[in-house]
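Colleague: Got a predicted structure here, sequence first:
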Amino acid sequence: MKLRSTLDEQRFIVPLETIAATNEGATQANQAFDERMRAFLNEWIDQGTESSRGDEISREEFVENGALRSLFQHREDALEWLLQDEVIARHLLRSAGEVHFSQDAYEPLLSSFEKRLYNLAAHREHREVCFRYHSINRQDAYGNTIEHTHAGDENIGLYFGTRRTDAMALQLLADQLKREASEPSDLPIHVITEGYMSESLQFIKEQTEALAAAGIEQTQCFLIQRRHAADDRHLGAALLLMNPKQPHLPQRIVFCDTLRPGALPPWWDKFKHKVDVAFPQPEDTIRASDLLEDGSVTLQRLHDGVPIRHQDIDCGFYTFSIVRALIKLAQRTPECVLMGTTADLVTAMTGLMKDYYQEPDQPKDPEVVRKINILNRWNLGREALSLMKDSYAVVTA
């Protein structure tokens with residue numbers, strides 16, 4: 001099912017403060033949502049499906065605590081089913097402008113039932129609502145979030161703005177990139193979002209060999225957005241031009257990292273090694289990594305001396321923006337991708353990254369970038385919920 005991406009560029013012109021709801025307005029909306037959840041759970045209990053309450057607690061107490069967990073235990077599609085209720089869906093799918101974000105950590109103000117719902121949904125594969133849930137070890141038996149009480153308990157998983165990009169979020173981003181890459185282009189474009197970086201490079205070589213075997217001779221543009229390795233959660237991006245007549249040596253390789261504190265990005269040497277493993281060359285000849293170009297940008301903030309709640313864990317969005325810009329560039333001006341200098345390529349790429357750059361090679365203020373990422377996180381959760389809601393409606397139609 002196709003969805004229009006919520007990561008559109010128009011919303012970036014509005015500062016977060018001007019669109020976020022007031023604390024009072026968000027609190028009232030949260031209270032109304034909790035009341036609807038109580039009514040929904042009472043209606044479900046009245047249907048006679050629930051049988052695990054026991055006699056030791058009252059119905060009111062059960063609805064307030066264990067009923068939602070019981071619903072998720074009874075129905076694999078509990079979240080999708082809840083989303084068919086108009087009031088519940090409207091609240092969960094509300095825009096960022098209807099959410100109150102704290103001014104320091106940009107933590108969204110969620111209701112008690114809403115927090116519990118996101119936590120319980122995360123126990124189900126493909127039901128995670130991106131960035132809105134806590135890990136299972138931070139949940140009690142009912143799905144409530146266990147608040148941290150000691151300084152040592154604080155980590156990036158505690159905050160909405162610092163949780164890592166999960167599999168659901170990466171899949172939504174990958175789907176959007178592939179949809180955009182499917183548009184007509186004189187230069188064939190392939191988006192690789194499976195495996196880790198090593199597997200992606202190996203897949204590109206195999207795919208190029210298959211194209212050569214099919215008699216295809218035209219240069220192919222491969223774009224990668226993947227984590228570096230199983231033990232390295234950082235996401236990187238890369239562009240490879242492949243000539244099917246020469247599948248064992250790329251025609252061009254541009255590595256696009258999200259930060260560059262020094263002369264080269266931190267993952268440069270690791271990526272060079274991965275390139276040489278994927279494309280080994282005979283001794284006394286040029287190595288594949290000798291062709292490597294640095295197309296990195298300086299967007300992601302370093303963590304030195306930064307409070308945990310302010311750390312920048314948004315390489316998923318930065319690499320998404322990079323690859324999306326490279327797709328547009330390959331479609332509109334393929335000669336830049338094929339023959340432009342590294343500097344020309346990066347300038348053209350950043351000129352298309354309207355979400356993070358005010359002008360080519362001129363990133364927006366870091367605080368503005370941080371707010372954009374908060375909106376990205378909220379909107380990607382909306383997209384996950386929309387997909388679940390619409391998929392359920394199609395299945396049950």
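Modeller: Alright, I've got the coordinates. Numbers count the residues shown, from 1 in each chain.

Colleague: CA atoms for contacts and neighbours, from now on please.
Modeller: Noted.

Colleague: dump the residue contacts of the residue positioned nearest the centre of the chain.
Modeller: The centroid of the chain falls nearest to residue 169 when counting by CA atoms, centre = their mean (3.6 Å). Each residue near residue 169 by CA atoms under 8 Å, 6 or more residues apart in numbering is listed here: 130, 380-381, 384.

Colleague: same question, residue 156
Modeller: Residue 156 sits next to 162-164, 308-309, 311 when contact means CA under 8 Å, 6+ apart.

Colleague: rerun that using 10 Å as the cut-off
Modeller: Applying CA atoms under 10 Å, 6 or more residues apart in numbering, we find residue 156 in contact with 162-164, 307-313.

Colleague: pLDDT on stretch 111-119, on average?
Modeller: Averaged across stretch 111-119, the pLDDT comes to 97.

Colleague: For the helix or strand hosting residue 239, which strands pair with it and how are they oriented?
Modeller: Taking DSSP states H and E as the definition, residue 239 sits inside strand 232-242. Using DSSP bridges, the strands paired with strand 232-242 are strand 220-229 (antiparallel), strand 252-256 (antiparallel).

Colleague: Show the subsequent helix or strand relative to the helix or strand in which residue 277 is found.
Modeller: In this assignment (DSSP H and E), residue 277 forms part of helix 268-278. Per DSSP H and E, the first helix or strand lying C-terminal to helix 268-278 is strand 292-294.

Colleague: That following strand: how far from the chain's middle?
Modeller: Per CA atoms, centre = their mean, to the nearest Å, the displacement of strand 292-294 from the mean C-alpha position of its chain is 25 Å.

Colleague: for stretch 284-301, same thing?
Modeller: 25 Å.

Colleague: Counting neighbours, which bits of it end up buried?
Modeller: 287-289, 292-297, 299-301 (16 or more other CA atoms under 10 Å).

Colleague: what does stretch 325-342 give?
Modeller: For stretch 325-342, the neighbour count (16+ other CA under 10 Å) marks 325-331, 334, 336-338, 342 as buried.

Colleague: OK, contacts around the residue nearest to residue 212 when sequence neighbours are not counted?
Modeller: Once its chain neighbours are removed from consideration, residue 212 has its nearest residue in residue 244; the separation is 4.8 Å (CA to CA, 6 or more residues apart in numbering). Contacts for residue 244 (CA under 10 Å, 6+ apart) come out as 205, 207-220, 250-251.

Colleague: Please list the members of those that lie in strands.
Modeller: If you go by DSSP state E, those have residue 220 in strands.

Colleague: Which PyMOL command selects the buried ones in the contacts of residue 169?
Modeller: For the buried members of the contacts of residue 169, the matching PyMOL selection, counting by 16+ other CA under 10 Å, is:
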select buried, resi 130+380+381+384
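
Colleague: Save the contacts of residue 169 as a markdown table, and put in distance to residue 155 and secondary structure too.
Modeller: A markdown table is the format used below for those (distance: CA to CA, whole Å; DSSP: H, G, I helix; E, B strand; the rest coil):
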| residue | distance to residue 155 | secondary structure |
| --- | --- | --- |
| 130 | 18 | coil |
| 380 | 22 | helix |
| 381 | 21 | helix |
| 384 | 25 | helix |
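
Colleague: Quickly list the domain ranges of this structure.
Modeller: Here the domain assignment for the chain is 10-161+387-396, 167-364, based on automatic domain parsing.

Colleague: sorry, back to before: between the contacts of residue 169, which is nearest residue 91?
Modeller: residue 381 (12.6 Å; CA to CA).

Colleague: Is it correct that that closest one is in contact with residue 129?
Modeller: Yes - when contacts are counted by CA atoms under 10 Å, residue 381 is listed as touching residue 129 (5.1 Å).

Colleague: what bridges to the closest residue to residue 204 other than its chain neighbours?
Modeller: Of all residues not flanking residue 204 in the chain, residue 222 sits nearest, at 7.2 Å (CA to CA, 6+ apart). Beta-bridge pairing for residue 222 (DSSP bridges): residue 190, residue 240.

Colleague: Format the strands paired with strand 232-242 as a markdown table; extra columns: distance to residue 362 and mean neighbour count.
Modeller: Shown next, in a markdown table, are the strands paired with strand 232-242 (distance: least, CA to CA, whole Å; neighbours: other CA atoms under 10 Å):
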| stretch | distance to residue 362 | mean neighbour count |
| --- | --- | --- |
| strand 220-229 | 23 | 23 |
| strand 252-256 | 16 | 22 |
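
Colleague: Redo these as TSV? Include distance to residue 37 and mean pLDDT.
Modeller: Conversion of the strands paired with strand 232-242 to TSV gives the following (distance: least, CA to CA, whole Å; pLDDT from 0 to 100):
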stretch	distance to residue 37	mean pLDDT
strand 220-229	38	96
strand 252-256	46	98
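
Colleague: Format the ones you listed as JSON lines; extra columns: distance to residue 370.
Modeller: Rendered in JSON lines, the data for the strands paired with strand 232-242 read as follows (distance: least, CA to CA, whole Å):
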{"stretch": "strand 220-229", "distance to residue 370": "21"}
{"stretch": "strand 252-256", "distance to residue 370": "20"}
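
Colleague: And those: which comes nearest residue 396?
Modeller: Between residue 396 and the strands paired with strand 232-242, the tightest spacing by CA to CA is seen for strand 220-229, at 34.6 Å.

Colleague: Redo the domains of the chain as CSV? Include distance to residue 372.
Modeller: Conversion of the domains of the chain to CSV gives the following (distance: least, CA to CA, whole Å):
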stretch, distance to residue 372
domain 10-161+387-396, 7
domain 167-364, 8
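
Colleague: Quick one: closest of the ones you listed to residue 374.
Modeller: When the domains of the chain are ranked by distance to residue 374, counting by CA to CA, first place goes to domain 10-161+387-396 at 6.1 Å.

Colleague: So, low pLDDT: which residues of the stretch 251-397 of the chain?
Modeller: Judged against pLDDT under 70, the low-scoring parts of the stretch 251-397 of the chain cover residues 397.
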